[in-house]
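> Using only what follows, build the 3D model:
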Amino acid sequence: MIKCWAGSQQVRYLAEQEFRRRGIRDQTRLIFLSGRAEMFPVNEYCKMLEEAAAEKGVETRFGTELVEFRPATKQAVFRQTDSGKEAMLRYDLLLLAPPMGPLVVVVNSELAEPVGWVEVDRQTLQRVRFPNVFSLGDASSLPTVKTGSAIRHQTPVLISNLLALMDDRPLTAT
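Numbers count the residues shown, from 1 in each chain. The predicted model follows:
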């Protein structure tokens, strides 16, 4: 899992723009590799980003994972997750987003669901088994990206519902 999908998208386009500005874009090869099956986990942006990658000449490879990193020789080995086939890529510049997951402190607590996130109601952000606990962002089981942009939309819901709980009112924010 990558917590901030936009980051990997932004740096690719900033690099592409800088290569064009310097007049060396035709000498560069930009490749976007991802362990996921698509460009972006939010459908409304996925198609737009795929079109932008094609327009800017960015190669895309999905269902791949980094299995070996050889900095001395500037090589990276990737494996196709469906076939197990490996391919070595030489690079001059490599940007990696390491695998990410739930926090160990949450995983080892009663707050976690089986995968390790704080189990919350998708609408109210309230913990399912502990009504005095709320969660959002990186720690929650919400089916969204684990980023600041997601938290920006979750925070007003959490605050409204937390205040409602403290005042013994129904949780109405979703």
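
> Can you tell me the element residue 150 falls in?
helix 148-166 (DSSP states H and E).

> what is the mean pLDDT for stretch 106-118?
The predicted model assigns stretch 106-118 a mean pLDDT of 91.

> neighbouring contacts of the helix holding residue 150?
With C-beta atoms under 8 Å, 6 or more residues apart in numbering as the test, helix 148-166 has contacts from 4, 6, 124-126, 131-132, 134, 136-137, 140, 142, 144, 170-174. Where you see a C-beta, it was placed from the backbone N, CA and C, and this is true even at glycine.

> again, 10 Å this time
Defining contact as C-beta atoms under 10 Å, 6 or more residues apart in numbering, one finds that helix 148-166 is touched by 3-6, 42, 120-121, 123-126, 131-132, 134-138, 140, 142, 144-145, 169-174.

> got it, and stretch 8-26?
2, 4, 27-28, 30-34, 39-40, 45, 49, 52-53, 56-58, 93, 95-97.

> Now the buried members of the contacts of helix 148-166.
Neighbour-count burial (16 or more other C-beta atoms under 10 Å) applied to the contacts of helix 148-166 gives 4-6, 120-121, 124-126, 134-138, 140, 142, 144-145, 171.

> Now go through those and say which are in strands.
Mapping those onto strands (DSSP state E) picks out no residues; all lie outside.

> so where do the strands sit in this protein?
In the chain, the segments counted as strands under DSSP E are 31-34, 59-62, 64-70, 75-80, 86-90.

> Next, format those as CSV and append distance to residue 157.
Formatted as CSV, those follow (distance: least, C-beta to C-beta, whole Å):
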stretch, distance to residue 157
strand 31-34, 30
strand 59-62, 32
strand 64-70, 34
strand 75-80, 39
strand 86-90, 42
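
> Among those, which comes closest to residue 116?
Residue 116 lies closest to strand 64-70 among the strands of the chain, at 19.7 Å (C-beta to C-beta).

> Neighbouring strands of that closest one in the sheet, and parallel or not?
Strand 64-70 pairs in its sheet with strand 75-80 (antiparallel), by DSSP bridges.

> For the strand it pairs with, list every residue counted as buried.
Buried, per 16+ other C-beta under 10 Å, within strand 75-80: 76, 78-79.
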